[in-house]
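Chemist: all I have is the shape, not the residue letters:
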């Protein structure tokens, strides 16, 4: 459903010259028209809709819109109708009314302030998204730093363990060489003593 629901132009005698949209609002529009004086703008709220009137001395330009739709844009729409309306050929204005209603149903297309607000909102959403990405990247960097620290600690532990193992292996080799030398000396002494006892 469009934001602009119904629009019409009424002459000073109360005759509808042209209209567009949901005609169920026609009766209420005709009643409220009488509460609007010539050269006056007026809005009435009723059941989730606003009934907006721009009355000149000759015609009344009417627009029924959803309540949340900007009144400023509704009156910009009515002013546009007033500027382009030709009272000598109202039947030709029907297609213009329909086109303008369709155009003004998308406020960002006709309202520069709304367009800028929409761009600001989009920019804000992009910035929030970028901040989220930066925070996630920051969390990943923190995780990476934590893992790097754990790897550094693991490397230190490995280095200490390998140094202990190297010392232990060196000591084992020394003991083996000492044992081997002692064994060779003992064997040499045993052989030497055996030979000297035989001679």
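Modeler: Perfect, thanks for sending it. From a predicted model like this one, the values you see are computed outputs, not experimental measurements.

Chemist: which other helices and strands contact the helix or strand encompassing residue 138?
Modeler: Under the criterion of DSSP states H and E, residue 138 resides in helix 112-198. Here helix 112-198 touches helix 107-110, going by 3 or more C-beta pairs under 8 Å, 6 or more residues apart in numbering; DSSP states H and E. The C-beta positions use only the backbone N, C-alpha and C, and glycine is treated the same way.

Chemist: so what's the gap between the helix it packs on and the chain middle?
Modeler: 21 Å (C-alpha atoms, centre = their mean, to the nearest Å).

Chemist: give me the mean pLDDT for the helix holding residue 138.
Modeler: Throughout helix 112-198, pLDDT has a mean value of 84.

Chemist: same check, this time on stretch 67-75
Modeler: Stretch 67-75 comes out with an average pLDDT of 89.

Chemist: next one: stretch 44-60
Modeler: Per-residue pLDDT values across stretch 44-60 average out to 92.

Chemist: what about residue 19, which SS state?
Modeler: Under DSSP: H, G, I helix; E, B strand; the rest coil, the three-state class of residue 19 is strand.

Chemist: surely it touches residue 5?
Modeler: No. The criterion here is C-beta atoms under 8 Å, and residue 19 misses it with residue 5 at 11.6 Å.

Chemist: and the residue nearest to the spatial centre of the chain, what does it touch?
Modeler: Residue closest to the average C-alpha location in the chain (C-alpha atoms, centre = their mean): residue 125, at 3.7 Å. When contacts are counted by C-beta atoms under 8 Å, 6 or more residues apart in numbering, residue 125 touches no other residue.

Chemist: quick one: it from residue 196, how far?
Modeler: In this view, residue 125 and residue 196 are 104 Å apart by C-beta to C-beta, to the nearest Å.

Chemist: same check on residue 70?
Modeler: For residue 70 relative to residue 196 (C-beta to C-beta), the value is 125 Å.

Chemist: show me which of the two is the more surrounded one.
Modeler: residue 70 (15 against 8; other C-beta atoms under 10 Å).

Chemist: can you give me phi and psi for that one?
Modeler: phi -60, psi 120 (degrees, to the nearest 10).

Chemist: how about the one 4 residues further on?
Modeler: Torsion angles at residue 74 (phi, psi; degrees, to the nearest 10) stand at phi -60, psi -50.

Chemist: so it sits against residue 63, correct?
Modeler: Yes. Assessed by C-beta under 8 Å, residue 74 is found in contact with residue 63 at 5.2 Å.

Chemist: what touches both of the two?
Modeler: 4, 52.

Chemist: okay, the two: which has more neighbours?
Modeler: Taking neighbours as other C-beta under 10 Å, residue 74 and residue 63 compare with residue 63 leading, 29 against 25.

Chemist: report the secondary structure state of that one.
Modeler: Under the three-state scheme (three-state DSSP), residue 63 adopts strand.

Chemist: wait, it sits on residue 3?
Modeler: No. Contact status for residue 63 versus residue 3: not in contact, 10.2 Å apart, counting by C-beta under 8 Å.

Chemist: sweet, I'm off.
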